[in-house]
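Enquirer: no sequence on this one, just coordinates:
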């Protein structure tokens, strides 16, 4: 297992070194909007403590982050009147992980509507509006 890199992009977001559109925060977790959204309301939930992914996370880290994932999934589904929610989590490069800080993707979904292509920057004004909708649903 590789060591945690304290200079990963999510660690920088936690320290306020990189801007983010924050939706929810408590003493253990942070939820913020994905800047390359694959659906309207696509957000990320991370623990505030260092861990690369599920493979090295402590039970306490997993417990706190999954509680926040559930809270935000319910809020995102309601905020967008979605039919469902996809929750994704990737581990190590071979498993699709690109940022090596534990994180969960929450994507509101609609029957018969696919996800947008990955890696496309979103409209920041639209993302800010979507964040407000989720905050209002909390």
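Expert: That came through, no problem. The model shown is predicted, which means the values in this text are computed figures rather than measured ones. Residues are numbered from 1 along each chain as shown.
Enquirer: okay, CA-based contacts and neighbour counts for the rest of this
Expert: Fine.
Enquirer: any idea of the mean pLDDT in the helix or strand containing residue 12?
Expert: Element membership for residue 12 (DSSP states H and E) is helix 9-14. Average pLDDT, helix 9-14: 98.
Enquirer: got a list of contacts for that helix?
Expert: 6, 18, 19, 20, 30, 48, 50, 99, 101 (C-alpha atoms under 8 Å, 6 or more residues apart in numbering).
Enquirer: what's the closest non-adjacent residue to the third one?
Expert: If I follow you right, that is residue 19. Closest residue to residue 19 apart from its sequence neighbours, by C-alpha to C-alpha, 6 or more residues apart in numbering: residue 13 at 6.4 Å.
Enquirer: chain center to the helix holding residue 12, what's the gap?
Expert: 12 Å (C-alpha atoms, centre = their mean, to the nearest Å).
Enquirer: so what touches the helix or strand that comes right after that helix?
Expert: Reading on from helix 9-14 to the C-terminus, the next helix or strand found by DSSP H and E is strand 22-25. The contact list for strand 22-25 (C-alpha under 8 Å, 6+ apart) reads 30, 31, 32, 33, 131, 132, 134, 135.
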